[in-house]
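Colleague: The following block contains a protein sequence and its predicted model.
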Amino acid sequence: MRSTRTKPERIVVEAAGHVGHVFASRRPAAVASAAPAVVLVHGIGVSHRYLQRLHRHLAASVDTYSIDLPGFAATPTPAHTLSVAEHATYILGALEQLGVLEFVFVGHSMGTQFAIEAALQQPHRIPHVVLMGPVVNDERRTVAQQALSLGRDCLFFESPSSNALVLTDYLRCGLVWYLKNLRLMLNYRIEDRIRGVTSPILVVRGEHDPVATANWCHRLAARAADARCLEIEGTGHVVQHNRAVEVAQTILAFAGVGAPGSAAEEYTS
């Protein structure tokens, strides 16, 4: 699998009364396949920027879309804080406007919550769900515990480039909007909501991720109708940036396109 250097097209999309940005890499009709598109959605406070490496590698094989949700990055801030379900409704509506009717949903961190809600709202459109570094660990649901885990991750397990992307996006997001969404993230019970998802689920984590621990990911997958876990060696929470090639290979193999990467190891505990 070779990455593509073609810059994605930035599209402003209004859906469900809110405005976000979609970054689209669509393959020419002559080389397009029947495989569903892959959609990448960021977590709290950040943007599509820390998904760019993964986007580029995926776009070499399938149509790929990354989304900046309303209120994040350079998108307009909604009049009220959107619920997890409202974020999912925006994503589904925006992609429908672009003609993306079936897709593999790949969410990172809080983006995994949006993935679950979208799969519950319109399961016929989402044949596969990928949860990268899912939150929130039901044994670490307080602000202090989350801050400690994220701090450990930034200090010990992230690259300088991933830290720079995340921190500058946090500054763009702003403290007020971040805290409003943090409350939503902490209150969302992904461990309960995942039970209703019928599509196959792949839970991906970095080997050293203190936010999405191995125990938590295993317990979360066990609650789903059809789920398995994969661990990527030598990285932390922002696994898709620091190990983009391995994560892309894993996603494509899970979706039935390409072969699994050698760095991905299935685990059972």
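Modeller: Perfect, thanks for sending it.

Colleague: tell me the centre residue of the protein?
Modeller: Nearest to the geometric centre of the chain sits G107, at 1.8 Å (C-alpha atoms, centre = their mean).

Colleague: got the contact list for that residue?
Modeller: Residues near G107 by C-beta atoms under 8 Å, 6 or more residues apart in numbering: 40-41, 43, 113-115, 129-132. (Glycine included, C-beta is placed from N, CA and C.)

Colleague: How is it assigned, secondary-structure-wise?
Modeller: strand (DSSP: H, G, I helix; E, B strand; the rest coil).

Colleague: quick one on the thing from earlier: among the contacts of G107, which ones are in helices?
Modeller: 113-115 (DSSP state H).

Colleague: Pick the one among the contacts of G107 closest to T6.
Modeller: L40 (16.0 Å; C-beta to C-beta).

Colleague: now, which of the contacts of G107 lie within strands?
Modeller: In strands, judged by DSSP state E, the following of those are found: 40-41, 129-132.

Colleague: surely K180 meets T81?
Modeller: Yes. Counting by C-beta atoms under 8 Å, T81 is a contact partner of K180 at 4.4 Å.

Colleague: name the element V12 belongs to?
Modeller: Per DSSP states H and E, V12 falls inside strand 9-15.

Colleague: returning to that earlier point: spatially, what comes nearest to the residue nearest to the centre of the chain if we skip its sequence neighbours?
Modeller: A115 (3.6 Å; C-beta to C-beta, 6 or more residues apart in numbering).

Colleague: picking up where we left off before, contact partners of the strand holding V12?
Modeller: 19-26, 89-90, 92-94, 96-98.

Colleague: ok, now how distant is V143 from D169?
Modeller: Going from V143 to D169 by C-beta to C-beta, to the nearest Å gives 19 Å.

Colleague: So for the two, which sits in the more crowded spot?
Modeller: Neighbours per residue (other C-beta atoms under 10 Å) separate V143 from D169, with D169 holding more: 22 against 11.

Colleague: any idea of the mean pLDDT in whatever helix or strand that one lives in?
Modeller: Per DSSP H and E: D169 is located in helix 160-173. For helix 160-173, mean pLDDT is 96.

Colleague: Could you do stretch 63-72 as well?
Modeller: Here the average pLDDT along stretch 63-72 is 98.

Colleague: how close does the closest residue to V247 other than its chain neighbours sit to A222?
Modeller: Spatial nearest neighbour of V247, excluding adjacent residues (C-beta to C-beta, 6+ apart): Q240 at 5.0 Å. In this view, Q240 and A222 are 23 Å apart by C-beta to C-beta.

Colleague: where do the strands sit along the stretch 151-269 of the chain?
Modeller: For the stretch 151-269 of the chain, applying DSSP state E, counting those that start in this stretch gives strands covering 201-206, 227-232, 264-266.

Colleague: just so I have it, where are all the helices in the stretch 101-250 of the chain?
Modeller: 111-121, 143-152, 160-173, 175-187, 190-193, 214-222, 239-242, 244-254 (DSSP state H, counting those that start in this stretch).

Colleague: Let me have those in JSON lines, extended by distance to H48.
Modeller: Rendered in JSON lines, the data for the helices of the stretch 101-250 of the chain read as follows (distance: least, C-beta to C-beta, whole Å):
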{"stretch": "helix 111-121", "distance to H48": "11"}
{"stretch": "helix 143-152", "distance to H48": "20"}
{"stretch": "helix 160-173", "distance to H48": "10"}
{"stretch": "helix 175-187", "distance to H48": "16"}
{"stretch": "helix 190-193", "distance to H48": "22"}
{"stretch": "helix 214-222", "distance to H48": "24"}
{"stretch": "helix 239-242", "distance to H48": "11"}
{"stretch": "helix 244-254", "distance to H48": "13"}
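
Colleague: Just tell me which of those ends up closest to L69.
Modeller: helix 111-121 (7.8 Å).

Colleague: which residues sit against the closest one?
Modeller: For helix 111-121, the external contacting residues (C-beta under 8 Å, 6+ apart) are 40-43, 69, 84-85, 87-89, 91-92, 105-107, 126, 129-135, 185, 188, 190, 193-194, 196-199.

Colleague: what about H108, distance to V203?
Modeller: Applying C-beta to C-beta to H108 and V203 gives a distance of 12 Å.
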